[in-house]
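Q: structure for the following, please:
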Amino acid sequence: MSSSDIFIGEIIGTAVLILLGAGVVAAVVLKRSKAQNAGWVAITFGWGFAVLTAVYISGPLSGAHLNPAVTVGIAIKDSDWSDVPVYLAGQLIGAMLGAFLAWLAYYGQFQAHLTDPEIIAAPPHEEGMVSEKAAPKAGPVLGVFSTGPEVRVVWQNLATEIIGTTVLVLAVLTQGLNDSGKGLGVIGGLLVALVVVGIGLSLGGPTGYAINPARDLGPRIVHALLPLPNKGGSDWGYAWIPVVGPLIGGALAAGIYNLAFA
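A: Next up is the predicted model:
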């Protein structure tokens with residue numbers, strides 16, 4: 001794979017991932033959406049299908065890492081860091097693009113939600129959204145773009161992201177890679193998508209399961225930049241946890257792989 005293939009593939013794949021992932025959250029939580037109140041199970045399966053679609057689209061170009069934690073895990077496994085900067089750049093740009101496209105797709109719903117007198121006066125805590133009690137600096141639609149804790153305990157929030165990402169990247173390294181070992185394969189993409197659904201159902205409750213630094217940071221930046229009425233804050237005080245935690249989890253998974261499976 002050339003650097004240009006990697007860069008373009010990761011932009012496209014991560015954009016699709018976030019478009020569909022943020023899209024399902026928007027569908028479930030925003031007013032005037034036909035899927036409003038569909039619930040947490042819809043969100044977890046929506047994210048799983050988002051992973052599956054993104055992997056199959058971008059796999060032939062870049063190997064479909066779509067996640068800096070996966071890229072770091074593969075780099076540690078192979079002791080090869082040469083393509084890591086290209087992967088990370090493509091993933092962050094793609095995540096920002098996907099968040100922007102999700103906003104475009106749900107523009108009317110964002111406007112209706114953020115101008116509703118009930119939301120302005122006292123935002124309700126919807127499934128899939130960031131808890132304003134635990135994150136008072138989070139705006140009422142931040143949860144469409146990025147994650148936040150239900151209970152703000154820094155060590156627990158960090159540990160949850162580390163644990164969830166370790167499971168994800170270990171699944172990628174043991175079952176998900178293609179024949180070259182540089183990215184996800186066809187069957188591997190399906191297995192990893194199902195693992196993401198499982199992580200969401202089992203470990204998503206405390207923090208919203210970022211398990212991907214680009215998935216959280218890119219859309220959080222877009223939330224901060226978009227001209228959303230009454231959008232509130234982007235909760236930058238929490239933003240380091242869904243970046244650092246998944247990176248630690250990816251490195252830990254690679255260490256376990258090298259010790260137990262290599």
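Q: which one's the longest helix in this protein?
A: Looking across the chain with DSSP state H, the single longest helix is helix 3-29.
Q: just give me how far that helix sits from the chain centre.
A: Put simply, helix 3-29 sits 9 Å off its chain's centre (C-alpha atoms, centre = their mean, to the nearest Å).
Q: tell me the angle the helix or strand following that helix makes with helix 3-29.
A: Next helix or strand after helix 3-29 toward the C-terminus (DSSP states H and E): helix 40-62. Interaxial angle of helix 40-62 relative to helix 3-29 (axes from the mean of the first three to the mean of the last three C-alpha atoms, to 10 degrees): 170 degrees.
Q: and residue 178, what's its pLDDT?
A: On the pLDDT scale, residue 178 is placed at 87.
Q: how close does it sit to residue 230?
A: According to C-beta to C-beta, to the nearest Å, residue 178 stands 46 Å off from residue 230. The C-beta positions use only the backbone N, C-alpha and C, and glycine is treated the same way.
Q: got the angle for the helix or strand harbouring residue 111 vs helix 3-29?
A: In this assignment (DSSP H and E), residue 111 forms part of helix 107-114. Inter-element angle recorded for helix 107-114 and helix 3-29: 50 degrees (by the same axes, to 10 degrees).
Q: which residues sit against the helix or strand following helix 107-114?
A: Following helix 107-114 in sequence order, the next helix or strand is helix 117-121 (DSSP H and E). Contacts to helix 117-121, defined as C-beta atoms under 8 Å, 6 or more residues apart in numbering, come from residues 31, 113-114, 124, 140, 230.
Q: report the buried members of these.
A: For the contacts of helix 117-121, a burial check counting by 16 or more other C-beta atoms under 10 Å picks out 31, 113-114, 140.
Q: helices along the stretch 101-250 of the chain, start to end?
A: In the stretch 101-250 of the chain, the segments counted as helices under DSSP state H, counting those that start in this stretch are 107-114, 117-121, 142-145, 154-171, 186-203, 213-225, 241-260.
Q: and the fifth one, what does it pack against?
A: For helix 186-203, the contact count by 3 or more C-beta pairs under 8 Å, 6 or more residues apart in numbering; DSSP states H and E identifies helix 40-62, helix 154-171 as packing neighbours.
Q: in the longest one, what counts as buried?
A: Right, helix 40-62. Using 16+ other C-beta under 10 Å as the test for burial, helix 40-62 gives 42-59, 61-62.
Q: where does this protein dip in pLDDT?
A: 122-137 (pLDDT under 70).
Q: now the residue positioned nearest the centre of the chain. Nearest residue, chain neighbours left out?
A: Compute the mean C-alpha point of the chain, and by C-alpha atoms, centre = their mean the closest residue is residue 215, 3.3 Å away. Excluding its sequence neighbours, the residue lying closest to residue 215 (C-beta to C-beta, 6 or more residues apart in numbering) is residue 95, at 5.9 Å.
Q: dump the residue contacts of the closest residue to residue 192 other than its chain neighbours.
A: Of all residues not flanking residue 192 in the chain, residue 176 sits nearest, at 4.6 Å (C-beta to C-beta, 6+ apart). Residues near residue 176 by C-beta under 8 Å, 6+ apart: 184-185, 188-189, 191-192.
Q: now distance to residue 4 and neighbour count too, for those, in TSV please.
A: Putting the contacts of residue 176 into TSV (distance: C-beta to C-beta, whole Å; neighbours: other C-beta atoms under 10 Å) gives the following:
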residue	distance to residue 4	neighbour count
184	20	30
185	22	20
188	24	20
189	22	23
191	29	17
192	25	27
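Q: residue 68 and residue 23, how far apart?
A: 22 Å.
Q: over to residue 86?
A: Where residue 23 is concerned, residue 86 sits at a distance of 27 Å (C-beta to C-beta).
Q: residue 255 now?
A: Residue 255 is 35 Å from residue 23, by C-beta to C-beta.
Q: these two: which has the busier surroundings?
A: residue 23 (22 against 14; other C-beta atoms under 10 Å).
Q: and for the closest residue to that one other than its chain neighbours, the neighbour number?
A: Residue nearest to residue 23 in three dimensions, not counting chain neighbours: residue 102, with 5.0 Å by C-beta to C-beta, 6+ apart. Residues lying near residue 102 (other C-beta under 10 Å) number 26.
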